[in-house]
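A.B. asks: Sharing a model that was predicted from the sequence below.
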Amino acid sequence: MNDSPIITRFRRVAIAEGWSFLVLLFIAMPLKYLADMPLAVKYVGWAHGVLFIAYWVAAIPLFTKLKWDAERVIGLGAASVLPFGTFVMERKWLR
């Protein structure tokens, strides 16, 4: 199962989405509010939004082709909105 190209693709997107979320929360947001640099959130937020959509698009084959259960659907949803969530999920289910 770990050698599946579906999982490999999803892992890459999940890790990129997780990093973009952390950059948004811990770098761009402080720059916006503490250094009056709103463009940081604009650009990082846009990139994060694209990666968030890619995360869910890449997740579809996990449920359709690999037949993941409802617990994992809920887990992926929670992981996508929690800081560090995609990294924890990647360790728990994809390794």
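C.D. replies: Great, that's in hand. Residues are numbered from 1 along each chain as shown.

A.B. asks: Could I get the full set of helices for the chain?
C.D. replies: Secondary structure of the chain (DSSP state H): helices located at 5-23, 29-34, 38-64, 70-81, 85-93.

A.B. asks: Pull out the buried residues from the longest one.
C.D. replies: Counting neighbours by 16 or more other C-beta atoms under 10 Å, one finds that the buried residues in helix 38-64 are 40-41, 44-45, 47-48, 51-52, 54-55, 58-59, 61-62. C-beta coordinates here come from the backbone N, C-alpha and C atoms, glycine included.

A.B. asks: quick one: residue 21 and residue 67, what's the gap?
C.D. replies: Separation of residue 21 from residue 67 (C-beta to C-beta, to the nearest Å) stands at 28 Å.

A.B. asks: Between these two, which has more neighbouring residues?
C.D. replies: residue 21 (22 against 7; other C-beta atoms under 10 Å).

A.B. asks: pLDDT score assigned to that one?
C.D. replies: Confidence per residue is given as pLDDT, and for residue 21 that number is 97.

A.B. asks: That one touches residue 55, doesn't it?
C.D. replies: No - Residue 21 lies out of contact with residue 55 (C-beta atoms under 8 Å); the separation is 9.9 Å.

A.B. asks: just checking, what packs against the helix or strand bottoming out on mean pLDDT in the chain?
C.D. replies: Confidence across the helices and strands of the chain bottoms out at helix 85-93, with a mean of 87, counting by mean pLDDT, DSSP states H and E. On a contact count with 3 or more C-beta pairs under 8 Å, 6 or more residues apart in numbering; DSSP states H and E, helix 85-93 meets helix 5-23, helix 70-81.
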